[in-house]
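Asker: Can you look at this prediction? I've put the sequence above it.
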Amino acid sequence: MAAVDLNAEALGVPRKQLMESSGNAVARACRDLADPGASVAVVAGRGNNGGDALVAARFLKAYDVTVHLLGRPETISTDIARENWDALVAGEADHRTVTDSAGFDLGDPDLVVDAMLGTGVTGALREPEATAARAINDSSATVLAVDVPSGVDADTGDAAGLAVDADRVVTFHDDKPGLGDLDCEVVVADIGIPEAAELFTGPGDLLALDRDAQSHKGDHGDVLVVGGGPYTGAPALAAQSALRAGADLARVACPEAVAREVQGYSENLIVRGFSGDRLAPEHVPDLLDFAADRDAVVFGPGLGDADESLAAVREFLAAYDGTAVVDADALQVVPDVDTEATLICTPHQGELRKMGGETDSDWEVRSDLVREFAADLGHTLLVKGAYDVVSDGDAVRVNRTGNPGMTVGGTGDVLAGATGALAAVLPPLDAAAVAAYGNGRAGDLAAEAFGGGLVATDLLERLPAALRGDEA
Ligand SMILES: NC(=O)C1=CN([C@@H]2O[C@H](COP(=O)(O)OP(=O)(O)OC[C@H]3O[C@@H](n4cnc5c(N)ncnc54)[C@H](O)[C@@H]3O)[C@@H](O)[C@H]2O)[C@H](O)CC1
Ligand SMILES: [K+]
């Protein structure tokens with residue numbers, strides 16, 4: 001939800017507006033549960049769950065509302081919740097702050113609005129929330145829970161300990177998996193989050209990359225690029241891109257004949273040559289051993305389409321059961337290989353057709369075609385275009401970053417490498433969506449500097465900023 005909220009904000013629908021919609025939905029449920037003049041106890045926590053109810057209080061003029069804030073106002077954790085508290089105080093609403101459990105007196109209300117904790121709950125209820133939850137459960141009031149009954153984990157429906165026993169839940173935007181088993185009525189309120197906030201990639205998708213501080217080398221991926229032969233720049237671009245997208249190690253397995261040239265592009269790469277001047281079936285056993293210790297493999301950059309190289313790709317994929325990004329000439333092999341591997345294929349629309357897929361200039365039509373083909377293939381597709389379409393056969397994401405300057409050679413290798421690095425730390429669909437978003441953002445930053453004259457290496461040093469969500 002945090003990612004969707006952030007994407008909604010990027011689309012021009014700020015969180016405070018979402019909170020206003022949530023609060024309005026809560027007020028409508030109150031009007032449904034209690035008659036005007038009834039006494040309502042709003043029990044608000046210090047986060048946005050509480051914020052929703054502070055908004056609702058403003059919509060309940062016809063009721064006798066008392067707001068209980070659990071904690072001092074200065075401990076309210078978000079500005080939008082704090083602003084709604086300040087508005088209540090400025091409006092002389094009947095409000096009180098509960099700084100310790102002994103200070104909590106629910107009174108004898110007809111209706112309780114449980115807005116202590118929502119999706120931000122961690123662990124068992126602490127004080128004074130626990131005392132308040134017991135008082136709410138012991139009261140004879142009707143209980144309306146905001147988003148999630150406090151103490152319940154929205155994803156699992158479990159509670160680490162005590163939880164509020166609600167008569168009705170008003171949850172926002174979409175049903176939460178954990179609410180299904182509650183024995184109370186759950187109402188899903190549309191709070192005006194645009195569908196686009198979930199369909200199109202945006203800054204919210206970068207939250208998935210939040211790294212825990214304790215991470216150490218190797219946590220962020222050891223990526224192997226298998227490529228090179230007719231071309232040498234492509235595997236080097238892909239491997240450097242993997243590093244720029246956060247991989248700790250980037251290795252290149254390429255023909256001995258070009259190993260020095262590939263190494264020459266960057267001392268950051270660990271280059272390992274296999275015999276001859278192009279990939280062939282005899283290299284596959286070694287490659288499988290080498291790949292087994294990596295977190296992700298990027299197959300294809302610069303491989304060329306010699307029959308023996310494609311035969312080697314087929315043999316490798318048939319035996320590989322890890323995670324691989326397949327790009328460029330290797331893509332044509334995928335449809336006729338049965339593999340246990342988790343593949344992310346990154347074709348442009350011409351390569352998609354060569355794989356047997358269909359495309360369309362209208363991105364909405366293309367989205368359905370890509371989803372169907374991904375379902376047939378059983379793999380994740382990232383189909384490059386002015387609008388990149390990503391699908392795992394079930395969900396669809398569309399990426400709108402990027403610009404026409406990115407048709408220059410090599411940007412696809414940069415995307416493949418970034419996808420490999422992200423596939424080492426994220427599920428395939430997210431890895432492809434974030435890679436498309438970051439690669440396009442890096443391309444947009446490069447276009448600011450070089451316009452149509454940008455080259456693929458310009459994206460490399462801009463990938464970190466693009467994946468951090470830095471403003472251009
Ligand atoms: N897109 C949407 O669905 C929207 C949802 N909204 C509401 O926002 C909350 C989530 O808000 P958040 O601030 O992230 O977290 P909470 O308010 O649920 O709780 C955080 C708050 O609670 C404290 N806390 C955490 N665990 C415990 C505990 N075990 N005991 C005591 N206190 C605890 C923590 O310290 C924080 O202070 C969502 O549920 C919706 O109601 C948005 O308003 C609109 C968009
Ligand atoms: K709640």
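Answerer: Looks like it came in fine. On a predicted model such as this, the values are computed, not experimentally measured, just so you know. Ligands and ions are numbered 1, 2, ... in the order given.

Asker: what's near enough to touch A25?
Answerer: Applying CB atoms under 8 Å, 6 or more residues apart in numbering to A25 gives the contacts 170, 172, 189, 191. Glycine gets a C-beta too; all of them are placed from N, C-alpha and C.

Asker: Could you dump these into a markdown table and include neighbour count?
Answerer: Conversion of those to a markdown table gives the following (neighbours: other CB atoms under 10 Å):
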| residue | neighbour count |
| --- | --- |
| V170 | 25 |
| F172 | 25 |
| A189 | 17 |
| I191 | 20 |
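
Asker: What is the most widely separated pair among those residues?
Answerer: V170 and I191 (10.1 Å; CB to CB).

Asker: for ligand 1, what are the nearby residues on this protein?
Answerer: 1, 4-5, 18-19, 22, 45-52, 77-78, 117-126, 129, 146-148, 172-173, 193 (CB under 6 Å from any ligand atom).

Asker: can you tell me which of the residues you listed are in strands?
Answerer: 146, 172 (DSSP state E).

Asker: Leaving aside the residues adjacent along the chain, what's closest to the most centrally placed residue in the chain?
Answerer: When the chain is reduced to its mean C-alpha position, the closest residue under CA atoms, centre = their mean turns out to be D205, at 4.0 Å. The shortest distance from D205 to any non-neighbouring residue, by CB to CB, 6 or more residues apart in numbering, is to V434 (5.3 Å).

Asker: Would you mind confirming that the one you found is in contact with L207?
Answerer: No - applying CB atoms under 8 Å, one finds V434 not in contact with L207, separated by 9.9 Å.

Asker: neighbour count winner among those two?
Answerer: V434 (27 against 14; other CB atoms under 10 Å).

Asker: need the contact list for that one.
Answerer: By CB under 8 Å, 6+ apart, V434 lies in contact with 201, 205-206, 208-209, 422, 426, 467.

Asker: Closest to ligand 1 out of the residues you listed?
Answerer: The nearest member of the contacts of V434 to ligand 1, counting by CB to the nearest ligand atom, is D205 at 15.1 Å.

Asker: isn't the closest one right up against A433?
Answerer: Yes - contact criterion CB under 8 Å: D205 and A433 qualify, at 5.9 Å.

Asker: Quick check: PyMOL command selecting the buried ones in the contacts of V434.
Answerer: Selection of buried members from the contacts of V434 for PyMOL, criterion 16 or more other CB atoms under 10 Å:
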select buried, resi 201+205+206+209+422+426+467
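
Asker: hang on, the earlier thing: can you put the contacts of A25 in CSV and add secondary structure and pLDDT?
Answerer: As requested, the contacts of A25 are exported to CSV (DSSP: H, G, I helix; E, B strand; the rest coil; pLDDT from 0 to 100):
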residue, secondary structure, pLDDT
V170, strand, 98
F172, strand, 97
A189, strand, 98
I191, coil, 98
